[in-house]
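> Okay, sequence plus prediction incoming.
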Amino acid sequence: MEIFKSKRFENGYARLVKEDPCLVRKLEKIMAAVITSPRAGVGRPEQLKGYRPRVVWSRRIIGKHRLVYELGKNFIVYHSCYGHYDDH
């Protein structure tokens, strides 16, 4: 399975590293869980509506931040990890 990271994800990850390194560890655990079980597990996975035909999911890092990722047959694209969907 291939894993891609968008520019938005990279920018959010850099902000988390600066602001709260503890959240980065939690985010990395959630990202590992996405690889092993993309639709279930930690972070309360939720399929987002309005992205059809793409399959986009969200997992809670904390109340303020979500990991948003897209699932394909042979790939995962991490879209964002800072903020709550599009409120940043």
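Looks like it arrived, so ask away. Residues are numbered from 1 along each chain as shown.

> Stretch 36-44: which residues count as buried?
Buried residues in stretch 36-44, counted by 16 or more other C-beta atoms under 10 Å: 38, 43. (C-beta placed from N, C-alpha, C; glycine too.)

> go on, stretch 10-30?
12, 13, 15, 16, 23, 24, 26, 27, 30.

> Looking at it now, give me its mean pLDDT.
Averaging pLDDT along stretch 10-30 gives 96.

> Can you tell me the SS state at the residue located most distally from the centre of the chain?
For the chain, the residue at maximal distance from the C-alpha centroid (C-alpha atoms, centre = their mean) is residue 53, at 18.6 Å. Assigned with DSSP: H, G, I helix; E, B strand; the rest coil, residue 53 falls in the coil class.

> roughly how far is stretch 47-63 from the heart of the chain?
9 Å (C-alpha atoms, centre = their mean, to the nearest Å).

> Narrow the buried residues of stretch 10-30 to those in helices?
Under the assignment DSSP state H, these contribute 12, 13, 15, 16, 23, 24, 26, 27, 30 to helices.

> any chance of the residues you listed in CSV, plus distance to residue 48?
Output for these, formatted as CSV (distance: C-beta to C-beta, whole Å):
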residue, distance to residue 48
12, 17
13, 20
15, 22
16, 21
23, 21
24, 23
26, 20
27, 18
30, 16
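
> Farthest pair within the residues you listed?
15 and 30 (16.5 Å; C-beta to C-beta).

> per-residue pLDDT, the most centrally placed residue in the chain?
What sits nearest the mean C-alpha location of the chain, by C-alpha atoms, centre = their mean, is residue 67, with 2.3 Å. pLDDT, residue 67: 96.

> How about the one 5 residues further on?
Residue 72 is assigned 93 on the pLDDT scale.

> Show me where the protein has its helices.
7-19, 21-36.

> Measure how the longest one sits relative to helix 7-19, angle-wise.
With axes from the mean of the first three to the mean of the last three C-alpha atoms, to 10 degrees as the criterion, the two stretches helix 21-36 and helix 7-19 enclose an angle of 140 degrees.
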